[in-house]
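>>> Would you be able to build a 3D model of this:
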Amino acid sequence: MEQYIVSARKYRPSTFASVVGQKTLTATLRNAIAQDRLAHAYLFCGTRGVGKTSCARIFAKTINCTNRTADGEACNECPSCRAFNENRSMNILELDAASNNSVNDIRTLIDQVMVPPTDGRYRVFIIDEVHMLSSQAFNAFLKTLEEPPAYAIFILATTEKHKIIPTILSRCQIYDFSRITISDMVDHLAYVAKSEGITAEPAALGVIARHADGAMRDALSIFDQVAASSRGNITYASAIANLNVLDNSYFERLTDCFANQDVPGALAIYNDIRNHGFDSLFFINGLAQFIRDMMVARDPRTVDMLETTADERRTMSVRAQAFQPDFYYQAMAILNNADLNYRTASNKRFLTELTIIQLCQLL
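Just a heads-up that it's a prediction; the model follows:
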């Protein structure tokens, strides 16, 4: 029986072209390799799951490839590429600074730097979560980072650039990875679903992508979870149920009640939400996000701030015209106050219902 591999590992990028949502950055790296203009130290920054470590590994493999393709990718056939793909390359070393952050760990790394490559041109040292290094470790690393051997290249990866000391930053070329857009995630998830023989509704993939909050790795993990519970047929309803997400149809009906000053109808919708097991604070925050999304969808200058698919953006833009900007500003303030007061409220249901009544009276 074939061993199951989670999608986040199975579909991890192995070429620059397969990196999702970082086209400009990967093009820059490819150009640097093609022109043989390589720095001795790079710093890859960005939130979790956007491809920092994957790009570091692809970069490390490509610069040692002896037979690169016409578009600047590693050939995956030369001895160096095969050694990398089989996890036996001596030219690429990885250090997890989260668990190896002492000065002794860095001194061991420095000793490794002094060993030249047995084959290939470069030895590449990837230090993940580099912001976790102690101040003593940073200081011990400075001299080597500034004047490494000609064959040594360092790639540092971090989710928290502000924690890295300026003397390290000044020695690196800094690459900032973007959050992955909803549309890019949906496209990649659709590709994974097709490859795995799983049927998936685009709306369901949109729910998964939004839940991942800009991280492709998280999106793939969530995809596996929903696919398992849906038995290979991912629908919008199954995604909503599995992820315990409030369906936007609730919020759409609520805004209709706000437009019509229908207090009883709005309270009935809230009661239905409570009966489905959703926490009132979860409801308040979900409604606040929906109101915010409608606000940015209303104006063509801000509609691109809406993190969703193009179709949903157009639909929400039309719906958002039902209210004037002042309604959104006041509604966001009311919901923000409800969020702040929720933790100290003795009767949380009463606070939530009062918030709904205030929203119904705004017009």
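>>> Strands along the stretch 201-350 of the chain, start to end?
Residue ranges of the strands in the stretch 201-350 of the chain, as given by DSSP state E, counting those that start in this stretch, are 233-234.
>>> just for it, where's the confidence low?
For the stretch 201-350 of the chain, no stretch has pLDDT under 70.
>>> go again using 90 as the cut-off
Where the stretch 201-350 of the chain drops to pLDDT under 90, the residues are 201-219, 224-250, 274-279, 282, 300, 303-316, 319, 322.
>>> try the stretch 51-200 of the chain
51, 53-54, 57, 60-61, 63-124, 127-151, 159-172, 178-188, 193, 195-200.
>>> need the helices for it, in chain order.
52-64, 79-85, 103-113, 135-146, 166-169, 182-196 (DSSP state H, counting those that start in this stretch).
>>> Comparing the ones you listed, which comes out most buried?
When you average the neighbours per residue for each of these (mean count of other C-beta atoms under 10 Å), helix 52-64 leads with a mean of 23. The way it works is simple: take the backbone N, C-alpha and C, and place the C-beta from them, glycine included.
>>> what residues does that one touch?
Contact partners of helix 52-64, identified using C-beta atoms under 8 Å, 6 or more residues apart in numbering, comprise 12-16, 19, 22, 25-26, 29-30, 33, 38, 42, 44-46, 68, 72-74, 80-81, 84-85, 89, 91-92, 120-122, 124, 126, 128, 153, 155, 157-158, 177.
>>> now stretch 268-286
The contact list for stretch 268-286 (C-beta under 8 Å, 6+ apart) reads 244, 246, 250-251, 253-254, 257, 335, 338-339, 342, 348-349, 351-353, 355-356.
>>> Mind giving me the ChimeraX command for buried ones among the residues you listed?
Selecting only the buried entries of those in ChimeraX, with 16 or more other C-beta atoms under 10 Å as the criterion:
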select :246,250,251,253,254,257,335,338,342,348,351,352,353,355,356
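>>> Now do stretch 42-55: distance from first to last residue.
Stretch 42-55 has its terminal residues 11 Å apart, counting by C-alpha to C-alpha, to the nearest Å.
>>> count of neighbours near C78?
Using other C-beta atoms under 10 Å, C78 has 16 neighbouring residues.
>>> Over to D119?
Neighbours of D119 using other C-beta under 10 Å come to 12.
>>> And it, how close does it get to S89?
9 Å (C-beta to C-beta, to the nearest Å).
>>> joint contacts of the two?
S80.
>>> hang on, the earlier thing: please list only the buried members of the contacts of helix 52-64.
12-16, 19, 22, 25-26, 29-30, 33, 42, 44-46, 68, 72-74, 80-81, 84, 89, 91-92, 120, 122, 124, 126, 128, 153, 155, 157-158, 177.
>>> The residue nearest to G197 when sequence neighbours are not counted and S221: what is the separation?
Leaving out its chain neighbours, the residue that sits closest to G197 by C-beta to C-beta, 6 or more residues apart in numbering is G232, at 7.1 Å. Using C-beta to C-beta, one gets 17 Å for the distance from G232 to S221.
>>> Between the two, point out the one with more neighbours.
Using other C-beta under 10 Å as the criterion, G232 and S221 rank with S221 on top: 17 against 12.
>>> Might you report the residue contacts of the more buried one?
Counting by C-beta under 8 Å, 6+ apart, S221 touches 6-8.
>>> repeat for A219
49, 180, 185, 188-189, 208-209, 211-212.
>>> try 7 Å this time
For A219, the contacting residues are 185, 189, 208-209, 212, by C-beta atoms under 7 Å, 6 or more residues apart in numbering.
>>> likewise C172?
41-43, 156.
>>> And R12, by the same measure?
Under the criterion of C-beta under 7 Å, 6+ apart, the neighbours of R12 are S54.
>>> a helix runs through it, doesn't it?
No - using DSSP: H, G, I helix; E, B strand; the rest coil, the assignment for R12 is coil, not a helix.
>>> so what's it scoring on pLDDT?
Note on R12: pLDDT of 86.
>>> about what we covered before: closest one of the contacts of S221 to E312?
Comparing the contacts of S221 against E312 with C-beta to C-beta picks out S7 as the nearest, at 23.8 Å.
>>> how close does the closest one get to H188?
10 Å.
>>> Over to I284?
32 Å.
>>> does E94 really touch V130, like I thought?
No - between E94 and V130 there is no contact under C-beta atoms under 7 Å: 11.7 Å.
>>> So which of the two has more stuff around it?
V130 (30 against 15).
>>> now the more buried one: how far from I155?
Applying C-beta to C-beta to V130 and I155 gives a distance of 9 Å.
>>> cool, H188 as well?
24 Å.
>>> could you list every residue that touches the nearest residue to N336 once chain neighbours are set aside?
On the basis of C-beta to C-beta, 6+ apart, the spatially nearest residue to N336 that is not a chain neighbour turns out to be A288, at 6.9 Å. Residues near A288 by C-beta under 7 Å, 6+ apart: 332, 335-336, 339.
>>> Skip the chain neighbours and tell me the closest residue to the spatially most central residue of the chain.
Centroid-nearest residue in the chain, with C-alpha atoms, centre = their mean: A215, separated by 1.7 Å. In this structure, A215 finds its nearest non-sequential neighbour in G49, 2.9 Å apart by C-beta to C-beta, 6+ apart.
>>> From the structure, what's the count of residues near the one you found?
23.
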